[in-house]
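**Q** My questions are about this predicted structure, shown below with the sequence.
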Amino acid sequence: MNICVFLSAADLDDRYTRPARAFAELLGKGGHTLVWGGSESGLMKVVADGVEEAGGGLVGVSVDFLAAKARQVVAPHEMVIARDLAERKALLLAKADAVVIMVGGTGTLDEATEILELKKHGKTTKPVVLLNSEGFYDGLKEQFRRMEDEGFLPVPLTDLVFFAEEPVGALAYLEESFGTQ
C-alpha cells in the first residue's frame, strides 16, 4: 500500500519523533511505501529514514521552491518536484492509497483539511487516519466533533477520519481497510 503521510519538516521534540519513527518502522516492515513531502529535514526525514531502514519504499513529492531541501533518492525510490503547493498536494494524493496525518503546522493542517473536504464530497474514498501523538490534535478532534454535533458535516465524522492514539493502531486501521492484515 502507498501511504501518504502529512507531517512537519521541523526538528521536533522526542515526544513527537518517537511515535513518528515507530510508525515509519511499522510501515517499512509491512512492505508499504511512504508517500511524503520529500524533505530531508525534521520529522519528514525521521519518517523517511525509518521507512527506508525497515525495507519500505519512498515516493517523495517536493515543490519547486523547496527542491534544495529534497531528499536525494535512487531507484526504486522516486522523487517528483511539483511546480507549486497545489500541484504537490494533488500529486501526493494521486500517488497514495491512504493518508496519515501526523503532527505539523499550517501546511499539515492545510493538507489535512483538503483530504477531509474531498472525502466529505465523495471525491475520494481513501482511508484517512489522524495520528494524535501526545494529544497534539485533541483540540482539532474536539472542533471536528462540534462541527458534527452542530450540523456542519453532512456525513458522520467516523466516515471522514479515524483517530489513532498510537502508531500500531493507525497502521492496523489502514491494513484492515485494505484487507492486507
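**A** Yep, it's here. Residues are numbered from 1 along each chain as shown.
**Q** right, and the secondary structure at the nearest residue in space to Gly105 that is not next to it in sequence would be what?
**A** Residue nearest to Gly105 in three dimensions, not counting chain neighbours: Ser8, with 5.9 Å by Cβ to Cβ, 6 or more residues apart in numbering. Where you see a C-beta, it was placed from the backbone N, CA and C, and this is true even at glycine. Look at Ser8: counting by DSSP: H, G, I helix; E, B strand; the rest coil, its state is coil.
**Q** who's in contact with Ser39?
**A** By Cβ atoms under 8 Å, 6 or more residues apart in numbering, the contact set of Ser39 is Ala9, Lys45, Gly60, Ser62, Leu66, Lys69, Ala70, Arg71.
**Q** Return the subset of these lying in helices.
**A** Lys45 (DSSP state H).
**Q** Serialize the contacts of Ser39 to JSON lines and add fields for pLDDT, distance to Met1 and neighbour count.
**A** Converted to JSON lines, the contacts of Ser39 look like this (pLDDT from 0 to 100; distance: Cβ to Cβ, whole Å; neighbours: other Cβ atoms under 10 Å):
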{"residue": "Ala9", "pLDDT": "91", "distance to Met1": "23", "neighbour count": "21"}
{"residue": "Lys45", "pLDDT": "94", "distance to Met1": "22", "neighbour count": "17"}
{"residue": "Gly60", "pLDDT": "94", "distance to Met1": "17", "neighbour count": "24"}
{"residue": "Ser62", "pLDDT": "91", "distance to Met1": "22", "neighbour count": "23"}
{"residue": "Leu66", "pLDDT": "86", "distance to Met1": "26", "neighbour count": "17"}
{"residue": "Lys69", "pLDDT": "82", "distance to Met1": "27", "neighbour count": "17"}
{"residue": "Ala70", "pLDDT": "85", "distance to Met1": "23", "neighbour count": "20"}
{"residue": "Arg71", "pLDDT": "84", "distance to Met1": "21", "neighbour count": "20"}
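**Q** just to revisit the earlier point, the residue nearest to Gly105 reaches Ile101, doesn't it?
**A** No. With contact defined as Cβ atoms under 8 Å, Ser8 does not reach Ile101; the gap is 10.9 Å.
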